[in-house]
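give me a 3D structure for the following:
(one chain, ligands or ions: 1)
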Amino acid sequence: MKTELLKILRETGDYISGQQLCEHFGVSRTAVWKVIRQLKEEGYVIEGVKNKGYCIRETPDVITKEELKSRLRTVWLGQEVVYLESVDSTNTQAKRLAEEGAPSGTLVIAEEQTFGKGRRGRSWTSSKGENIMMTLMLRPQIRPEHASRLTLLMALATAKGIRKVTGLPAGIKWPNDVVVCGKKVCGILTELSMEMEDIHYVVIGAGINVNQEHFPKELQETAGSLCLELGRKISRAELAAAIIEELERIYELFLQTEDLSELCEDYNTLCVNRGHEIRVLDPGREYTGTTEGINASGELVVQKSDGTWTTVYAGEVSVRGLYGYV
Ligand code: BTN
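Here you go, the predicted structure:
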């Protein structure tokens, strides 16, 4: 009832009478009032005026199950939400739930991670209650060697979600860092579980720096947050919902072909490496070149400085700008 009540209050955008709410839910006025009181205790500002009803004035920056579900307009992705105050890692938790039989599309989201994981065995630290740490668990029936393409989809969905909600010029540093004005604002970690030759499940975790204002010295050069770029705080729930909605849309497009033929144009438009000189850090050999973006397989198409062409597969290498991170 709480989720539905929030949705009605938000969508009405004006006063809605207690009577209408009672009829809608088939409950007493006291029952409605109790849920309103709970919401107020959680920080929602809801005005109650005699003969007019209830009107929502302010929403706190919460990412609870009810707040997220009241905003999500997806058919299946994120319809199962697991919200945690604290967890070791949302990826690890999503894997546990997958092993227990959770449905494809389950979302795990937390206020804090005590053992956040980054790519290449690194850790991921993110301040409590200010950012988004979320993981989506999927059970795609695709060839395992195509699973890394899901990471690119998540990057695309995140960059588009950020643009939609904040208007910031979010871009993608291939394969899967989301950047705003040269600073990394989101990292993505995809993990795969196989059963024989098939994918058992995939977890795609995104760490997005949303309202964090201070970064440790060693990260200040490369890391940023949306709030620092925009100069105001952003609703994490609104942003998370926009990203998940976009991911559902593009994931369904991806499944039709198992590649990015329908999406690489969009991806390349947002790819910040395009037209820039890059250094490809391939284990054992390093080279420089330029790129116009990815192909339908999600590989970066690079023209090396010696004029020859090559494609770079996401799993193997990382790419740096010649004069810095991007
Ligand atoms: C990177 O190294 O850039 C990837 C960082 C991925 C961090 C996110 S936060 C949510 C999810 N849970 C984790 O433990 N890691 C990912």
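
please count neighbours and contacts with C-alpha atoms only from this point.
OK.

export the top helix by length along the chain as PDB, just CAs?
In the chain, taking DSSP state H as the definition, the longest helix is helix 236-257. Provided in PDB are the C-alpha atoms of helix 236-257 (Å, rounded to 0.1, in the frame of the first residue of the first chain):
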ATOM      1  CA  ARG A 236      19.000   8.900  -6.200                       C
ATOM      2  CA  ALA A 237      15.700   7.100  -6.700                       C
ATOM      3  CA  GLU A 238      14.700   9.200  -9.700                       C
ATOM      4  CA  LEU A 239      18.100   8.500 -11.300                       C
ATOM      5  CA  ALA A 240      18.200   4.800 -10.500                       C
ATOM      6  CA  ALA A 241      14.700   4.400 -11.900                       C
ATOM      7  CA  ALA A 242      15.600   6.200 -15.100                       C
ATOM      8  CA  ILE A 243      18.700   4.000 -15.600                       C
ATOM      9  CA  ILE A 244      16.800   0.800 -15.000                       C
ATOM     10  CA  GLU A 245      14.000   1.900 -17.400                       C
ATOM     11  CA  GLU A 246      16.600   2.600 -20.100                       C
ATOM     12  CA  LEU A 247      18.400  -0.700 -19.400                       C
ATOM     13  CA  GLU A 248      15.200  -2.700 -19.800                       C
ATOM     14  CA  ARG A 249      14.500  -1.000 -23.200                       C
ATOM     15  CA  ILE A 250      18.000  -1.500 -24.600                       C
ATOM     16  CA  TYR A 251      18.500  -5.000 -23.200                       C
ATOM     17  CA  GLU A 252      15.400  -6.100 -25.100                       C
ATOM     18  CA  LEU A 253      16.900  -4.600 -28.300                       C
ATOM     19  CA  PHE A 254      20.100  -6.400 -27.600                       C
ATOM     20  CA  LEU A 255      18.400  -9.800 -27.100                       C
ATOM     21  CA  GLN A 256      17.000  -9.700 -30.600                       C
ATOM     22  CA  THR A 257      20.500 -10.000 -32.100                       C
END
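
which other helices and strands contact it?
In terms of contacts (3 or more Cα pairs under 8 Å, 6 or more residues apart in numbering; DSSP states H and E), helix 236-257 is packed against helix 65-71, helix 149-166.

counting contacts, what elements does the longest one pack onto?
The one in question is helix 149-166. Contacts defined by 3+ Cα pairs under 8 Å, 6+ apart place helix 149-166 against strand 171-173, strand 177-180, strand 183-195, strand 198-208, helix 236-257, helix 264-270.

contacts only, for the nearest residue in space to Lys173 that is not next to it in sequence.
Nearest non-adjacent residue to Lys173, counting by Cα to Cα, 6 or more residues apart in numbering: Val272, 5.5 Å away. When contacts are counted by Cα atoms under 8 Å, 6 or more residues apart in numbering, Val272 touches Gly171, Ile172, Lys173, Trp174, Val326.

export those residues to JSON lines and tack on distance to the ligand and neighbour count?
Converted to JSON lines, those look like this (distance: Cα to the nearest ligand atom, whole Å; neighbours: other Cα atoms under 10 Å):
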{"residue": "Gly171", "distance to the ligand": "15", "neighbour count": "30"}
{"residue": "Ile172", "distance to the ligand": "12", "neighbour count": "27"}
{"residue": "Lys173", "distance to the ligand": "11", "neighbour count": "23"}
{"residue": "Trp174", "distance to the ligand": "11", "neighbour count": "26"}
{"residue": "Val326", "distance to the ligand": "14", "neighbour count": "22"}
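
can you name the residues of this protein sitting close to the ligand?
89-91, 116-119, 124, 133-135, 187-189, 205-207 (Cα under 6 Å from any ligand atom).
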